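Engineer: sequence plus the predicted model coming up.
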Amino acid sequence: MNWQLFLSAVALMLIFEGLGPALFPKTWRAYLLQIVQTDERTLKVIGIALILVGALLFHFVQPG
């Protein structure tokens, strides 16, 4: 894997992660409080689903 591509992906992730608290701080805080109250099994299932969707998307957007 190309390091430039990897660092670009990390940079984009940080930009997208920062949009919520920067643009909607009150809503973002309420969302985090809701996540804290969610049981671990649900969080684990959501995390696994996000990993799978991200891996599939990454696979399909690769050139060649």
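Structural biologist: Structure's in. What do you need? Numbering: from 1, shown residues only.
Engineer: check contacts around residue 58.
Structural biologist: Remark: with contacts taken as C-beta atoms under 8 Å, 6 or more residues apart in numbering, residue 58 is in contact with nothing. Backbone N, C-alpha and C define where each C-beta goes, glycine included.
Engineer: got a pLDDT number for it?
Structural biologist: Turning to residue 58, the model gives it a pLDDT of 84.
Engineer: roughly how far does it sit from residue 19?
Structural biologist: Going from residue 58 to residue 19 by C-beta to C-beta, to the nearest Å gives 20 Å.
Engineer: over to residue 8?
Structural biologist: Counting by C-beta to C-beta, the gap between residue 8 and residue 19 amounts to 17 Å.
Engineer: show me where the protein has strands.
Structural biologist: If DSSP state E is used as the criterion, the chain turns out to lack strands entirely.
Engineer: quick one: the helices in it?
Structural biologist: Counting by DSSP state H, the chain has helices at residues 3-23, 25-36, 40-61.
Engineer: do you know how far residue 9 is from residue 35?
Structural biologist: Per C-beta to C-beta, residue 9 is found 23 Å from residue 35.
Engineer: let me redo that: residue 43
Structural biologist: Counting by C-beta to C-beta, the separation of residue 43 from residue 35 is 7 Å.
Engineer: same check, this time on residue 15
Structural biologist: To residue 35, residue 15 is 21 Å away according to C-beta to C-beta.
Engineer: again with residue 46
Structural biologist: 9 Å.
Engineer: got it, and residue 17?
Structural biologist: For residue 17, the distance to residue 35 (C-beta to C-beta) stands at 14 Å.
Engineer: repeat for residue 62
Structural biologist: Residue 62 sits 31 Å away from residue 35, taking C-beta to C-beta as the criterion.
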